[in-house]
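Novice: Any chance you can model this:
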Amino acid sequence: MTGADIVTIGETMILLYGEDTTAPLRFGERLCLDFAGADSNFAIAMSRLGYRSAWISRLGAEPLGELVLNGIAREGVDVSRVILDPLRNTGLYLKHHDSTGVTRIQYYRHGSAASNLQPDDLNPEDFRDAKLVHLNGMTFALSETCVSTMRRAVELGLNCGAMVSLDLNLRLQLWSVESARETLGPVIQKTSAIFGTEDEFLDYFAVSDIDEALSAAVALGPRIAVAKMGPDGAVALVDGVRFSHAGYTSPAVVDVVGAGDGFNAGFLASHLRGLSAYECLRRANLVGACAVATPGDFQGYPTLEEMERLLVIWQERGRAGD
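Specialist: Got it, this is the predicted structure:
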């Protein structure tokens, strides 16, 4: 694997969800089979936005692992460094809705192939041309070997002059906030950009105000801190200046999972092209709004041309939060 602009590392799992995306699964229905993961979602989104993306991970050497591998490769992502593990299975998760319509996630990932990621899985040559190494906090929570692997990814990215970004992606089913702070703190100090939802920032930095949380984040070292506010858009602190964008009204809200990964890609793809922080937020919010309009994590992500066209169309139709 050489020549990648974007490198991501982390777990992608088999996704099962009900054919009727609005009904609680416990009533019984047909299941749809797909795959998804924060890092491959990001790689796919960046590929659609015109970058050469590479995803590094481990999958089970079984049909489900091959399904994931082939599916991500079809999206134009370089998967040549993915290891097929003959001793471990591909992780799985279930996406369903409770009686109030809220999306719920149930993981079946203990001992998965990706939880056995090793530092030696990363080749320095794979980072040689990288402009960006993007990581997410959830991978650090999977195992000690994942922590070591992700730390090595940070160092390899920095050694090659790449920008390093981190999505907090706190998953309290996997670890506590205290453990996340202990593990992610030294990593945040080495990143250029940190992303998270409003709740993740407030929980991680133990404050009640989002501006205070963003200030605490950049005090650790990043130039950029971005809080995703769901339907209320996003707020960013970039080089000490606060920016906000109220977001876009999606034509439909079908499935919100994966929107945050698309948001990250929309922001960072625009940042790498030299756009202003405000324009980065506009495009990030638009990609997120596209993502929620379709079932599945990544299916709704736009191409670069679609994104730029929708910026104009949605503003004309009054969906813009400008």
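Novice: Now for the residue nearest to the spatial centre of the chain: which residues touch it?
Specialist: Nearest to the mean C-alpha position of the chain, counting by Cα atoms, centre = their mean, stands residue 261 at 3.3 Å. Residues in contact with residue 261 (Cβ atoms under 8 Å, 6 or more residues apart in numbering) are 38, 41, 42, 45, 167, 291, 297, 298. Glycine gets a C-beta too; all of them are placed from N, C-alpha and C.
Novice: switch the cut-off to 6 Å
Specialist: 38, 41, 42 (Cβ atoms under 6 Å, 6 or more residues apart in numbering).
Novice: Now, of these, which are buried?
Specialist: 38, 41, 42 (16 or more other Cβ atoms under 10 Å).
Novice: Distance check, the last one against residue 165.
Specialist: So that's residue 42. Going from residue 42 to residue 165 by Cβ to Cβ, to the nearest Å gives 9 Å.
Novice: where do the contact lists of the two overlap?
Specialist: Shared contacts of residue 42 and residue 165, counting by Cβ under 6 Å, 6+ apart, come down to residue 134.
Novice: Could you check how many residues crowd around residue 303?
Specialist: Residues near residue 303, counting by other Cβ atoms under 10 Å, number 12.
Novice: Residue 67 too?
Specialist: Using other Cβ under 10 Å, residue 67 has 16 other residues around it.
Novice: ok, now residue 93?
Specialist: Residues near residue 93, counting by other Cβ under 10 Å, number 19.
Novice: counting contacts, what elements does the helix or strand harbouring it pack onto?
Specialist: Using DSSP states H and E, residue 93 sits in strand 92-97. Applying 3 or more Cβ pairs under 6 Å, 6 or more residues apart in numbering; DSSP states H and E, we find strand 92-97 packed against strand 13-18, strand 103-108.
Novice: next one: that strand to chain centre, how far?
Specialist: 17 Å (Cα atoms, centre = their mean, to the nearest Å).
Novice: who touches it?
Specialist: For strand 92-97, contacts defined as Cβ under 6 Å, 6+ apart pick out 13, 14, 16, 17, 24, 25, 103, 104, 105, 106, 107, 108.
Novice: can we see that at 10 Å?
Specialist: Residues from elsewhere that reach strand 92-97 (Cβ atoms under 10 Å, 6 or more residues apart in numbering): 11, 13-18, 20-26, 29, 31-37, 64, 102-109, 112, 255, 257, 295-297.
Novice: Only the buried subset of those residues, as a ChimeraX command please.
Specialist: Command for ChimeraX that selects the buried part of these, burial taken from 16+ other Cβ under 10 Å:
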select :11,13,14,15,16,17,18,21,24,25,34,35,36,37,64,109,112,255,257,295,296,297
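Novice: Would you check that residue 66 makes contact with residue 60?
Specialist: Yes - Residue 66 is in contact with residue 60 according to Cβ atoms under 10 Å; the separation is 8.9 Å.
Novice: any common contacting residues for those two?
Specialist: Common neighbours of residue 66 and residue 60 are listed as 84, 90 (criterion: Cβ under 10 Å, 6+ apart).
Novice: how about the strands in this structure?
Specialist: Applying DSSP state E to the chain gives strands spanning 6-9, 13-18, 31-36, 53-56, 58-60, 83-85, 92-97, 103-108, 132-136, 163-167, 193-197, 224-228, 234-238, 241-245.
Novice: What are the contacting residues of the last one?
Specialist: In other words, strand 241-245. 210-211, 214-215, 226-227, 229, 232-237, 276-286, 320-322.
Novice: quick check: angle from that strand to strand 224-228?
Specialist: Computed with axes from the mean of the first three to the mean of the last three Cα atoms, to 10 degrees, the direction of strand 241-245 lies at 30 degrees from that of strand 224-228.
Novice: What strands line up against strand 241-245, and which way round?
Specialist: When sheet partners are counted by DSSP bridges, strand 241-245 sits next to strand 234-238 (antiparallel).
Novice: I'd like the average pLDDT over the partner strand.
Specialist: If you average the pLDDT over strand 234-238, you get 98.
Novice: Okay, the nearest residue to residue 29 once chain neighbours are set aside and residue 189: tell me how far apart.
Specialist: Leaving aside its sequence neighbours, residue 29 sits nearest to residue 18 (Cβ to Cβ, 6 or more residues apart in numbering; 4.8 Å). Using Cβ to Cβ, one gets 42 Å for the distance from residue 18 to residue 189.
Novice: picking up where we left off before, of all the strands of the chain, which lies closest to residue 150?
Specialist: Smallest distance to residue 150 across the strands of the chain (Cβ to Cβ): 5.7 Å, for strand 132-136.
Novice: what bridges to residue 31?
Specialist: residue 18.
Novice: can you list the weak-confidence ranges in the stretch 201-322 of the chain?
Specialist: 318-322 (pLDDT under 70).
Novice: Please name the nearest non-neighbouring residue to residue 177.
Specialist: Residue nearest to residue 177 in three dimensions, not counting chain neighbours: residue 203, with 5.4 Å by Cβ to Cβ, 6+ apart.
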